[in-house]
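Chemist: Quick one, fold the following:
(chains A and B)
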Amino acid sequence: MSHIIDRRKNDRGKSTGNRQKFLKRVENQIKRAIPDILSQESIKDTKSGGSVKVPVRGLEEPHFRHDPKTGKKYIVQPGNDKFSEGDRVPKPKSGEGSGRGKGSNSPQVTEDEFTVVLSREEFLKYFFDDLALPHMVKKLMESTESFSMRRAGYTRDSVPSRLNIKTSYQQSLGRQLALRGVFEKKLKGLEEQLAKTRKKAEREALELEMERVRRQANTIPFFEDIDLRYNNFERVPIPVTSAVMFCIMDVSASMGQHEKDIAKRFFTLLYIFLTRQYKNVELVFIRHHTEAREVSEEEFFNSRESGGTVVAPSLKLVDKIMRERYDESWNVYCCQASDGDVWSKQDALECKNLVLETILPSIQFMAYIEISNKERESDLWQAYKRISNDDDFAIRHVYEPYEIWPVFQGLFRKRSETTK
Amino acid sequence: MTDIEKYRTLFCNPNWDGETLEAADEVISRIGKEYLKLKTYPNQIEVVTSEQMLDAYSLTGLPTSYPHWKFGKDFVLNQNNYTKGRMGLSYELVINSNPCISYNMENNSTCMMLLVIAHACQGHNAFFANNYMFLDWTSADSIVDYMSFAREYILRCEEEYGEEEVERVLDAAHALMHHGVDKYKKPSKVSAKEENERLKKLTLIKRENYNELWRTLPSMPDVQETSTSDDYRFPKEPEENLLYFIEKYAPALPPWKREIIRIVRKVAQYFYPQGATKVMNEGFATFTHYHIINRMFDEGYVNDGFMLEFLKSHSSVLYQPEYKSKFYSGLNPYTLGFNIFMDIKRICQNPTAEDKQWFPDLIGKDWLEQVHYVMENFRDDSFILQYLSPKVIRDMRLFTVVDCEYEDEYEIGAIHNERGYRRVREHLSNQYDRASLVPNIQVTKVDLHRTSKLHLTHYIQKDRRLDASSAKDTLDHIRFLWGFPVELHSKNKLGINETSFEVK
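Modeler: Prediction:
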């Protein structure tokens, strides 16, 4: 009569739909909490999966209920150890009660404790919701710079190297058959005339004619221009799915741990963003003090060097690596972090020129963040300021962790014209 | 005998498989039927993972339900608490349906599985199938089908009218769920034929009882006037089922919204008996598993080791921290219910002089019959009022704390002594009375002629006033459903308005 069912193999996630509905309801709160999460959690957490906790409130479902403070209540409790009827016990001071006398049967979890745990995917979705890299959407949609040639039927006019012999020969065969038919018909008519006539002169003329037709029939050209068929190719745009991100950081003595930390967070954010947009994202880390060097990620963030600062070599290195390794099918992003100190005004100027003339033309976007809390504008900042336009080259000041998010938002805010 | 031995090796192996469950169900059903004479729905026992248990939690055990964010919230809340170790999942979850569906956790040991099968598939199942509250107010045969209809319907509405609009209606209806329950059967509509017969009978009675004397009574002077103003009054009788009233009479509600309200109302009604029988239901189920497992031990199906594990689980289910313990969170319904049922059995078998005075009806009766009678015909408040014995009060050392709004101190109202038994019992019964939890709010008037305003009246009981902010929010929801202004007056026992809320 009873029926025993093992449900363990059944589909999981029966509550997924309802959970999504719930998340939608607290969406705004989650979005508001993201800056806090970014400034509190270390970058490694953000990058390496796991989950994110977002406290939410305002979820009460109202219904008519009694005000717990009012009225005269009789509450039955167990375990009387000392009381007699008529005893009086002072009430706990309002607010922090021990719970005695409340008589609540269901310990409610207060909403302060209510947190939503987001999966990595969900977190990123909220994280990047309103953002997009400038031009990126455009570039992805149009992809005009990158084409592949794809076979698309035949054409009658092209270069000899694309001649398709088989199809051309078919054309030729057809033409030969058709033309030969015409001549043979003519020949047949002539033969009939020849058989009818007895006059010698006429016969000779006819035979001459037949000879001419026979010769013509034998000289049908094997190939004529109209037979020739060439393979046709079309240019098909291919979406660019690879991106490379150059991270340039100043590691001179003037960059302390705090500055590095900020830079690291900034790079990581851009990296996560790019991994969302592109199938394949490569990272190139370049650090510089007086000379620039390509290093591993580990080394980039962790080891420390000292010395003065010359920025220009690092930009030159970017250009060199770009030309050596990444052709135009790559989307290139460049990200530079520095405290703005440079050796000389000359260096700053050189940087400006490098960015303007060699780097910007071949990349998608460049961002420069200056990590400093000084009032004075640095030489590099002043140089960059002249060429920055927020479109493909943006510069920002950052000093505290919580400032990263707004910078990021400002840099990559989805602009309406790019989405159109 | 070899059979029993075979079963014993199955049951005493801490790892179970399908065969174990089948054997357990077979033995337990037989004992339940033969020994405890339980009548049950057929069982559908489902083995689930913790994740599936969390799903079941958020839908309060129903196999399916309409989509709504509330269930998602419950799921997230439970999942948080579970993964943080703040909350354990119960070993089983059972719903009132035919067949009776119960979910058993996969990580239960064999002993727990047996306990759970005895508890849920016999105890709760029998309670669902026999208690008058469940028989009167729920239809176990159709609930699963109804919920899948509800799901389909809401999904269709979401498609047609947009998720947001559907959600608003559901939110509003949920706010009134506690006020969407019929506590008394509405009289069914009479047919024209019945009505005619009733009138005929009435005239006959009038004629038979006619007495010239009544004509000499002076008539009321303004009877005419009041009767006309009465005619304008709508509704004629106040209505406490607010959801029902809105569903039937909201002036400008499209039919699909009415249907959604109806779905919520049906669900509320379905869960109404469960809220009203928590102590009895758990008490009876615990009573059942206790007897069945002991019987299995007596018959040799399980060994001592099994019984040790069983007793440990059983007593942790019945753990009742004292009022001053940091684990205390109210009375444990399992303990209270189990103690009362056990005491009924004791009174039937070994009454003391005190019992003879308190429960003369139970003395010398067959305990099983009495337990069945109690299980079938009571709900928590009446059960406690009738059967909470002085011995249970003494054993649990129950006492009443009086918390008066206007005083700085609590007063101890009654304790477990001769003077206190009746009062403790009465107070505890009140505590489980739905009326003390859910404010008494009724539709008293609708202004039919001008504003279509809905007038609600809250009858204040025991000086318990409404929580103002939640009342305001709830009224907003009612305003949305009703479509016209809503007013709520809290009246005290003298009929004087104390507070008013209004949403224009």
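Chemist: okay, now the domains of the chain?
Modeler: In the absence of a named chain, this looks at chain A. According to the domain assignment given by automatic domain parsing, chain A is divided into the following structural domains: A:15-58+A:111-127, A:160-233, A:242-419.
Chemist: try chain B instead
Modeler: Residue ranges for each domain of chain B read B:2-131+B:277-311, B:138-177+B:233-251+B:439-504, B:318-436, as given by automatic domain parsing.
Chemist: Minimum distance to A:Leu228: which of those domains has it?
Modeler: Within the domains of chain B, the stretch nearest A:Leu228 is domain B:138-177+B:233-251+B:439-504; the backing value is 59.1 Å (CB to CB). Every residue, glycine included, has its C-beta placed from N, CA and C.
Chemist: just to revisit the earlier point, Throw the domains of chain A into TSV and include mean neighbour count and distance to chain B, thanks.
Modeler: TSV is the format used below for the domains of chain A (neighbours: other CB atoms under 10 Å in any protein chain shown; distance: least, CB to the nearest CB, whole Å):
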stretch	mean neighbour count	distance to chain B
domain A:15-58+A:111-127	16	3
domain A:160-233	13	47
domain A:242-419	18	24
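Chemist: Ok, which of those domains comes nearest B:Leu155?
Modeler: Across those, closest to B:Leu155 is domain A:15-58+A:111-127 (CB to CB), at 9.9 Å.
Chemist: So which residues of chain A form strands?
Modeler: When secondary structure is read from DSSP state E, chain A shows strands at A:3-6, A:52-55, A:72-77, A:88-90, A:115-118, A:147-155, A:230-237, A:242-250, A:280-288, A:292-295, A:331-338, A:365-371, A:393-398.
Chemist: now those in JSON lines, with mean pLDDT and distance to A:Ala312?
Modeler: Listed next are the strands of chain A as JSON lines, based on pLDDT from 0 to 100; distance: least, CB to CB, whole Å:
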{"stretch": "strand A:3-6", "mean pLDDT": "87", "distance to A:Ala312": "69"}
{"stretch": "strand A:52-55", "mean pLDDT": "64", "distance to A:Ala312": "40"}
{"stretch": "strand A:72-77", "mean pLDDT": "89", "distance to A:Ala312": "79"}
{"stretch": "strand A:88-90", "mean pLDDT": "88", "distance to A:Ala312": "77"}
{"stretch": "strand A:115-118", "mean pLDDT": "72", "distance to A:Ala312": "43"}
{"stretch": "strand A:147-155", "mean pLDDT": "79", "distance to A:Ala312": "35"}
{"stretch": "strand A:230-237", "mean pLDDT": "79", "distance to A:Ala312": "36"}
{"stretch": "strand A:242-250", "mean pLDDT": "84", "distance to A:Ala312": "11"}
{"stretch": "strand A:280-288", "mean pLDDT": "82", "distance to A:Ala312": "9"}
{"stretch": "strand A:292-295", "mean pLDDT": "84", "distance to A:Ala312": "9"}
{"stretch": "strand A:331-338", "mean pLDDT": "84", "distance to A:Ala312": "12"}
{"stretch": "strand A:365-371", "mean pLDDT": "83", "distance to A:Ala312": "14"}
{"stretch": "strand A:393-398", "mean pLDDT": "80", "distance to A:Ala312": "16"}
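Chemist: want to throw the ones you listed into JSON lines with distance to B:Asp171?
Modeler: As requested, the strands of chain A are exported to JSON lines (distance: least, CB to CB, whole Å):
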{"stretch": "strand A:3-6", "distance to B:Asp171": "34"}
{"stretch": "strand A:52-55", "distance to B:Asp171": "22"}
{"stretch": "strand A:72-77", "distance to B:Asp171": "30"}
{"stretch": "strand A:88-90", "distance to B:Asp171": "41"}
{"stretch": "strand A:115-118", "distance to B:Asp171": "19"}
{"stretch": "strand A:147-155", "distance to B:Asp171": "53"}
{"stretch": "strand A:230-237", "distance to B:Asp171": "48"}
{"stretch": "strand A:242-250", "distance to B:Asp171": "44"}
{"stretch": "strand A:280-288", "distance to B:Asp171": "43"}
{"stretch": "strand A:292-295", "distance to B:Asp171": "56"}
{"stretch": "strand A:331-338", "distance to B:Asp171": "45"}
{"stretch": "strand A:365-371", "distance to B:Asp171": "44"}
{"stretch": "strand A:393-398", "distance to B:Asp171": "42"}
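Chemist: how about those, which one is nearest B:Ala23?
Modeler: It is, among the strands of chain A and with distance given as CB to CB, strand A:3-6, at 10.6 Å.
Chemist: which neighbours does the closest one have in its sheet, and in what orientation?
Modeler: As defined by DSSP bridges, the strand partners of strand A:3-6 come to strand B:43-48 (parallel).
Chemist: Compare the domains of chain A and say which comes out lowest on pLDDT.
Modeler: The stretch with the lowest average pLDDT out of the domains of chain A is domain A:15-58+A:111-127, scoring a mean of 66.
Chemist: Ok, which of the domains of chain B comes nearest A:Pro78?
Modeler: domain B:318-436 (4.8 Å).
Chemist: so how far is the first residue of the closest one from its last?
Modeler: Between the opening and closing residues of domain B:318-436 lies a distance of 26 Å (CA to CA, to the nearest Å).
Chemist: Stretch B:170-189 now?
Modeler: Span of stretch B:170-189 from end to end, CA to CA: 29 Å.
Chemist: Just give me the neighbour total for B:Asn294.
Modeler: Burial of B:Asn294, expressed as a neighbour count using other CB atoms under 10 Å in any protein chain shown, amounts to 17.
Chemist: That one: what's it in contact with?
Modeler: Neighbouring residues of B:Asn294 by CB atoms under 8 Å, 6 or more residues apart in numbering or on different chains: there are none.
Chemist: that older thread, single out the most deeply packed of the domains of chain B.
Modeler: Per-stretch averages of neighbours, counted by mean count of other CB atoms under 10 Å in any protein chain shown, single out domain B:2-131+B:277-311 among the domains of chain B, with a mean of 20.
Chemist: Just give the nearest non-adjacent residue to A:Ser296, would you?
Modeler: Distance criterion CB to CB, 6 or more residues apart in numbering or on different chains; nearest residue to A:Ser296, sequence neighbours excluded, is A:Phe285 at 6.9 Å.
Chemist: how far away is the one you found from A:Val251?
Modeler: Taking CB to CB, to the nearest Å as the measure, A:Phe285 and A:Val251 are separated by 11 Å.
Chemist: cool, and B:Lys391?
Modeler: Counting by CB to CB, the gap from B:Lys391 to A:Val251 is 81 Å.
Chemist: ok, B:Leu176 touching B:Leu243?
Modeler: Yes - contact criterion CB atoms under 8 Å: B:Leu176 and B:Leu243 qualify, at 5.1 Å.
Chemist: got any residues that touch both of those two?
Modeler: Common contacts of B:Leu176 and B:Leu243 (CB under 8 Å, 6+ apart): B:Val264.
Chemist: low-confidence ranges in chain B?
Modeler: The model of chain B has pLDDT under 70 over residues B:1-2, B:220-232.
Chemist: Which single residue of it ends up nearest chain A?
Modeler: For chain B, the nearest residue to chain A under the criterion CB to the nearest CB is B:Glu322, separated by 2.7 Å.
Chemist: how many other residues sit next to the residue lying closest to that residue once chain neighbours are set aside?
Modeler: The spatially closest residue to B:Glu322, leaving aside those adjacent along the chain, is A:Gly79, at 2.7 Å (CB to CB, 6+ apart). Applying other CB under 10 Å, we find 15 other residues in the vicinity of A:Gly79.
Chemist: B:Tyr334 - nearest residue in space that isn't next to it in sequence?
Modeler: With sequence-adjacent residues excluded and distances taken as CB to CB, 6+ apart, B:Tyr334 is closest to B:Glu282, at 4.6 Å.
Chemist: The one you found against B:Ile340, yeah?
Modeler: No - taking CB under 8 Å as the contact criterion, B:Glu282 and B:Ile340 are not neighbours in contact, 11.2 Å apart.
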